[in-house]
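> using only what follows, build the 3D model:
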Amino acid sequence: MPKVIYITPDGSRHETDVDAGYSIMEGAINNNIEGIVAECGGACACATCHSYIDAAWIDRIPAMDDMEDSMLDAAFERRDNSRLTCQIEMSDELDGIIVHVADNDY
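Presented below is the predicted three-dimensional model:
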């Protein structure tokens with residue numbers, strides 16, 4: 001089972017198993033990761049699962065579509081490596097991905 005390493009805004013590191021096929025957001029919710037609010041439940045409609053993908057992984061994830069790009073415009077402190085974790089599906093190829101959770105509690 002692939003692992004996701006979540007780094008929360010307070011600097012805590014959480015290494016969790018996330019089933020392939022689940023989104024990184026679903027993995028965070030299922031493992032009680034602080035900072036992933038996910039108000040819309042993964043419908044790409046709120047930006048409360050906003051996170052920063054570690055530089056070593058940014059080129060390994062699928063490109064964002066126009067809807068995600070537009071929704072990220074509403075995110076607090078958007079960066080070049082910002083992504084909505086509801087839009088990234090876990091796979092064996094992403095085993096060990098590092099995700100820095102943004103401050104989504106605004």
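
> can we go C-alpha only for contacts and neighbour counts from here?
OK.

> phi first, then psi, for the residue nearest the centre of the chain.
By CA atoms, centre = their mean, the chain has its centre lying nearest to Thr85, at 2.8 Å. Backbone torsions of Thr85, given as degrees, to the nearest 10, read phi -70, psi -20.

> what does Ser70 give?
phi -60, psi -40.

> try Ser51
The phi and psi values for Ser51, taken as degrees, to the nearest 10, are phi -150, psi 170.

> with Asp69 instead?
Backbone torsions for Asp69, taken as degrees, to the nearest 10, come to phi -60, psi -40.

> need the pLDDT of it.
The confidence metric pLDDT takes the value 97 at Asp69.

> what's stretch 10-27 in contact with?
Residues from elsewhere that reach stretch 10-27 (CA atoms under 8 Å, 6 or more residues apart in numbering): 1-8, 31, 33, 36, 38, 42, 49, 85-92.

> list the buried residues of it.
The neighbour-count check on stretch 10-27 (16 or more other CA atoms under 10 Å) flags His14, Thr16, Asp17, Val18, Asp19, Ala20, Ser23, Ile24, Met25, Glu26, Gly27 as buried.

> do the same with stretch 76-90
Residues Ser82, Arg83, Leu84, Thr85, Cys86, Gln87, Ile88, Glu89, Met90 are the ones in stretch 76-90 that count as buried (16+ other CA under 10 Å).
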